[in-house]
Every structure is written in structure tokens, then in C-alpha cells.
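# this is a predicted model, with the sequence first.
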Amino acid sequence: MTETIGFCQETRAESCGFVLFGATGDLAGRKIIPALFGLCEKKLAPEKFYIVMAARTPLDRGAFESRLWDCVTKAGFTPSPESFSAFIARTEYLRADYDSEDFYRGLAARLAALDAGAGAKKKHLFYLATPPAAFGPIAGKLKACGLLSDPADCSCWSRLIIEKPYGSSPESAAALDAGLETPATESQVYRIDHFTGKETVQNVMALRAANRVFDATWNNKFIDHVQLTVFEELGLEGRAGFFEHMGLARDMMSHILQLAAIAAMDLPASFKADDFKAEKKRFFESIRPLTREAVTERSVRARYESYASEPGVAPGSAVETFLAFSFYVDNDRWRGVPFYVRAGKKTGEKRTCIKLVYKKPDRGIFKDVDIGYPNVFSFNIQPDEKISFSLISKHPGPKLCFTPRSMAVDYRTEAEEATGFPTDYERLLIEAMAGDQTLFLSAFEVKFMWEFLAPFLAAWKEAPGENPLYSYADGSPGPARAAELPNIDGRSWL
Ligand SMILES: NC(=O)c1ccc[n+]([C@@H]2O[C@H](COP(=O)([O-])OP(=O)(O)OC[C@H]3O[C@@H](n4cnc5c(N)ncnc54)[C@H](OP(=O)(O)O)[C@@H]3O)[C@@H](O)[C@H]2O)c1
């Protein structure tokens, strides 16, 4: 067991009631219900805690319990009868009629009774796992029946959690926000990007802040360029209805920007939400906006060969499943350092990683010898959770030859040693129950994402001839054109 040293801080969820709308859906079944069970199982849930699940589908108690069992076991848990009984004892199902005020009045009465029984003191977290069109109307009705308490009243709180995608266009994103803004204040809205809840992503900041050796060199004096890769092995997997409206750029840009920020933003004064978000905002504001011309010259969109024959794909669909591009950050730390990004589906591997590639020696005995990039700092976020640092060392033996070496920390193994370590969704639920918005997206970040995407979307719509949709073989890492993208600047993907 690895020991902890020095500073050690734990966020504890506050006693509360958790209400899950859209409880019969895919997100609820695959992610939220298992996360709720995991929190109870790992004793990370608050002591005084109950769960109400709601959806329009009628479910009797037996059908509800068997759905919970299926969700929990499909997620990989093997609950003992006692632990499953303890979980379902905290949980109940309500049939929802989202348009009827009676439903909300009934919910309010039920929550009041459960609060009294559990001692949860009118503290409620509402997870909106419904289609986004229902977010605003549900929030409005919650407010109207007194369930979205004013955060100024500190003896109680109510929070809303929503999940990306935040709209499918700048206009729909703004409308979505406006629908939430009226009933809820920004401090009550928790926007999830589950990448930020991942253990390795959190470790990027911890590592940067605690080790001067890294942070002192994470700037344009030492770093040659940065690479971000978000590859999925799978293709559509029956989600054409969703993906045909979104495409990869809209679906993945939030993840990409969050990874870039965590790797490259200046370190905040503290990990408290206000400091963290202010620093992240400064980073986003220093990203040089792409012009239409830059999109044409420095981005590649593509789609895998078999996409058109996937069930549910419209004839003539021009939706991209792959995007590569580069951008610059115009601040003192990163001026002149290109950031290369590639993200795609059906790329032959599942891999999310950040690589900081150090400059080659520019003085001394090896300045004229091409030894490749001597140092690459890699954060593998999934599927391996591994941090590595590559070095060039002398090959053992009589000659002076070089060998690349890698120092690695298998972070997953380390994390598994820690008892009760939460998954990404479990962690995000804890943070929301603790009222900490550090890991959640602000309204600014969502708006920024759409502004950043705008020139891509405009170029593809208005000048498709100059911005063709390339094709790539299923299972390959994108089209040749994307492989060549960093070559324009004399670099290559690692
Ligand atoms: N699935 C994912 O992996 C995923 C990933 C990222 C983000 N999200 C987001 O998470 C939310 C839920 O996703 P999902 O895939 O679970 O969606 P879903 O399966 O389409 O819908 C979830 C549930 O919402 C209810 N519902 C359907 N239409 C509704 C309406 N008009 N008003 C109120 N409720 C309605 C349905 O339950 P009843 O008919 O029983 O009420 C359904 O089971 C969405 O906002 C989605 O964009 C999902």
C-alpha cells in the first residue's frame, strides 16, 4: 500500500436527497444508478441520504428493483444481498408527469417526508438525465413549486446536474442556458464533463502543483509542442439518432478543451472553484481564435468508411467521425507552441492521452545530432491510467549510442490500492453533493466551446469544397491528411 504524505484533503458529500429524473434512460442505467450504488457500497455516500428516481414509464416496486439490480450488475458490481438491500432501502420510484403541477407538488411533499425521516434538511440534488429539451421546463416547475431554493438561504440548498451535449448549435446552447438561468442561479447548475472526474485528469493538476521539476518546464522555453489524442475504438454503436445531429466535433470539443486546460492553464491560487475557474477562463481567453482560413489550412475532418452503411445514417449524410486540428495559446507561457489535437471514432484503439513534447537539445555536444525528442511527458487517461516520462539514455556497452527509455507510474494499480476510490461519476456526484463546482463546467466554458467551434462549422457548411470530408479505413488512426498535419511545422504524431 502506498502511503500518503503531507497535505491530504477529502471532500465529503453533505447529507441530502438525490432525485434522478429520466431514471429509465440509458445514461441513468449505465452511469448514474451504478455510481449511486458505488457511493453507498464504498461508504462514500452521506450518512443521511435517500434517492428518488422518477420517469414517465410506470414501474411497480418489483420491476424497479429488478432494473436497479440489472444496472448495478451490468456495471460490474457483484453486490451481496445485504448491500443491495441497503441500497434499495434508500431508494424509491415515482412515476413522473413533467407537465403536471400535481406531480411537482407530490414530489415536494414526498421529499419533505423523506427529509424529515432521513434528517436531510431540505438539501436536494436534481439530476436531469432526460433529453435536454426537458431541462428548462423541469427546472421552471421545480422553482414554481418551491423545490429550487434560493441559495442565499444557507440552511438548505437545491442543485441541478446536467450532462453534455450543451446544445447542438450556439443558438440551442444559449436557449438551453436561458431555460435554466431563469429558475436557477449559476451557482446551482452543475454541468458535467465526466473527463474532469477521472483520477488521472485530477492527477495532472496535483502533479503540476506539487512538483516544481515539471511545472517550471511547462512553458515555451522547454516545450516544443503538445499533442492531445482522444480515440475511440467503437463506431456508432446504434447511436445514429444522436450522432447524426452532433458529429464528432460538437460531441468531443468539450472534452478536448477540458484536457487542454488541465494540461496547460496556469496553476490556480487554490483548487477552490472560484480560483480554478478564473484561471481556466484566462486560459481559454488566451487561445487564439481560429479563422475560417486557419480551419481550412490546419484542420482535417473525416469519417470512417463504413459509416454510411451504419443503421440510422441518412443517405448523403456529411457527418464527421474524426477531427484533427492545431491551435495556439497566446499567453506568456505558451506563445509559439503548437497544440495538435486528433479525435475520432473507430480508430482501432481506445486511447485518451496528453503528451508534452520537450524541445531537442539546442546547445552542447548533441545539439547537431538528431536524437529525436529526448523527453515526452505523457498522461494516458484511458484505457491505461499511466503517467510516463521518456528519456534518452546511453545504451549499455562500449559505444556511445542512445536508447529511448521510459519511466512510468501505473496509476491505475496505485489507485486500486487505495480503498474506496471513486469512479469518475461517483467523484462528480460527491463534489456536487458537497457544493464544489471546481470540476464542473461554467456557463462561460460552454459559450467558449461554441465560439471556438463556430469557424469549423461555418467552414464546413459554407465552403465544403475547400474543407472536404476525408475518408479513413475502419480501425485506422484517421486519414493520411491528418497524419501529415503536424508535418506542416516539421513535427509528427507520437
Ligand atoms: N446516454 C449517454 O451515454 C449520454 C452521454 C452523455 C450525455 N447524455 C445526456 O444525458 C441525458 C440523458 O441521456 P439518455 O441517453 O439516457 O437519454 P434517453 O435514454 O433518450 O432519455 C432518458 C429518459 O428520459 C425520458 N424522456 C424521454 N423523452 C422525454 C421528454 N420529452 N421529457 C421528459 N423525459 C423524457 C425517458 O424516460 P421515460 O419515458 O420513462 O420518462 C428516457 O428513458 C441527455 O441529456 C443526454 O444528452 C447521455
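Right, received. Where do you want to start? Residues are numbered from 1 along each chain as shown.
# CA atoms for contacts and neighbours, from now on please.
Will do.
# poorly predicted segments of the stretch 301-450 of the chain, please.
Scanning the stretch 301-450 of the chain for pLDDT under 70 picks out 414-420.
# can you map out the helices along it?
For the stretch 301-450 of the chain, applying DSSP state H, counting those that start in this stretch gives helices covering 411-417, 424-434, 443-462.
# chain center to stretch 398-409, what's the gap?
35 Å (CA atoms, centre = their mean, to the nearest Å).
# show me what counts as buried in it.
Residues of stretch 398-409 classed as buried by neighbour count (16 or more other CA atoms under 10 Å): residue 406.
# before we move on, back to that, of all the helices of the stretch 301-450 of the chain, which one is nearest residue 19?
Nearest of the helices of the stretch 301-450 of the chain to residue 19, taken as CA to CA: helix 424-434 at 11.8 Å.
# ranges for the strands of the stretch 251-400 of the chain?
For the stretch 251-400 of the chain, strands defined by DSSP state E, counting those that start in this stretch occupy the ranges 299-304, 322-327, 339-344, 351-358, 376-382, 386-394.
# follow-up on the earlier one: please identify the most buried of the helices of the stretch 301-450 of the chain.
Mean neighbour count, computed with mean count of other CA atoms under 10 Å, is highest for helix 424-434 among those, reaching a mean of 23.
# contact partners of that helix?
For helix 424-434, contacts defined as CA atoms under 8 Å, 6 or more residues apart in numbering pick out 11-16, 31-32, 35-36, 38-39, 44-45, 125, 159, 161, 190, 192, 194-199, 437, 439.
# show the buried residues in the residues you listed.
Judged by 16+ other CA under 10 Å, buried ones among the contacts of helix 424-434: 13-16, 31-32, 35-36, 38-39, 44-45, 125, 159, 161, 190, 192, 194-199, 437, 439.
# any residues touching stretch 279-296, and which ones?
Here stretch 279-296 makes contact (CA under 8 Å, 6+ apart) with 261, 264-268, 325, 327-331, 444-445, 448, 452, 455-456, 458-459, 466-467.
# now do it: distance from first to last residue.
30 Å (CA to CA, to the nearest Å).
# for that stretch, which positions count as buried?
Neighbour-count burial for stretch 279-296 flags 279-281, 283-284, 286-287, 289-290, 292, 294-296 (criterion: 16+ other CA under 10 Å).
# so can I have TSV of these showing distance to the ligand?
Output for the buried residues of stretch 279-296, formatted as TSV (distance: CA to the nearest ligand atom, whole Å):
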residue	distance to the ligand
279	26
280	23
281	23
283	25
284	23
286	28
287	26
289	27
290	27
292	28
294	30
295	27
296	29
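# how about these in TSV, adding distance to residue 336?
Formatted as TSV, those follow (distance: CA to CA, whole Å):
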residue	distance to residue 336
279	20
280	20
281	20
283	15
284	16
286	12
287	12
289	14
290	15
292	20
294	16
295	18
296	20
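# so stretch 31-48, near the ligand or not?
No - counting by CA under 6 Å from any ligand atom, the ligand is not contacted by stretch 31-48; separation bottoms out at 7.8 Å.
# can you get me the start-to-end distance on that stretch?
22 Å.
# which residues touch it?
For stretch 31-48, contacts defined as CA under 8 Å, 6+ apart pick out 12-16, 68, 71-72, 75, 83, 87, 118-120, 420-423, 425-426, 429-430.
# and the residues you listed, which of them are in strands?
If you go by DSSP state E, the contacts of stretch 31-48 have residue 16 in strands.
# the ligand next: which of the contacts of stretch 31-48 are close?
Of the contacts of stretch 31-48, not one also sits near the ligand (CA under 6 Å from any ligand atom).
# residues in contact with the residue most central in space within the chain?
Against the mean C-alpha coordinate of the chain, by CA atoms, centre = their mean, the closest residue is residue 195 at 2.6 Å. Residue 195 sits next to 201, 255, 258, 259, 424 when contact means CA under 8 Å, 6+ apart.
# distance to the ligand added to those, as TSV?
As requested, the contacts of residue 195 are exported to TSV (distance: CA to the nearest ligand atom, whole Å):
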residue	distance to the ligand
201	18
255	11
258	15
259	17
424	13
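# which one of those residues is nearest to residue 132?
Taking the contacts of residue 195 together and measuring to residue 132 by CA to CA, the closest member is residue 255, at 18.6 Å.
# tell me the spacing between the residue nearest to that closest one when sequence neighbours are not counted and the ligand.
Distances taken as CA to CA, 6 or more residues apart in numbering place residue 195 nearest to residue 255, at 6.4 Å, with adjacent residues excluded. Note on residue 195: its distance to the ligand, by CA to the nearest ligand atom, to the nearest Å, is 11 Å.
# what kind of secondary structure is residue 195 in?
With DSSP: H, G, I helix; E, B strand; the rest coil as the basis, residue 195 sits in helix.
# next one: the residue of the chain most remote from its centre from residue 372, what distance?
Distance from the centre of the chain peaks at residue 398, with 49.4 Å (CA atoms, centre = their mean). Distance of residue 398 to residue 372, given as CA to CA: 22 Å.
# picking up where we left off before, which pLDDT value belongs to the residue nearest to residue 255?
With respect to pLDDT, residue 195 scores 87.
# how about residue 299?
For residue 299, pLDDT reads 98.
# list the beta-bridge partners for it.
Beta-bridge partners recorded for residue 299 (DSSP bridges): residue 325.
# how close does it sit to residue 168?
Counting by CA to CA, the gap from residue 299 to residue 168 is 20 Å.
# quick one, which of those two is more surrounded?
Using other CA atoms under 10 Å as the criterion, residue 299 and residue 168 rank with residue 299 on top: 21 against 15.
# which residues does the more buried one contact?
By CA under 8 Å, 6+ apart, residue 299 lies in contact with 323, 324, 325, 326, 482, 485.
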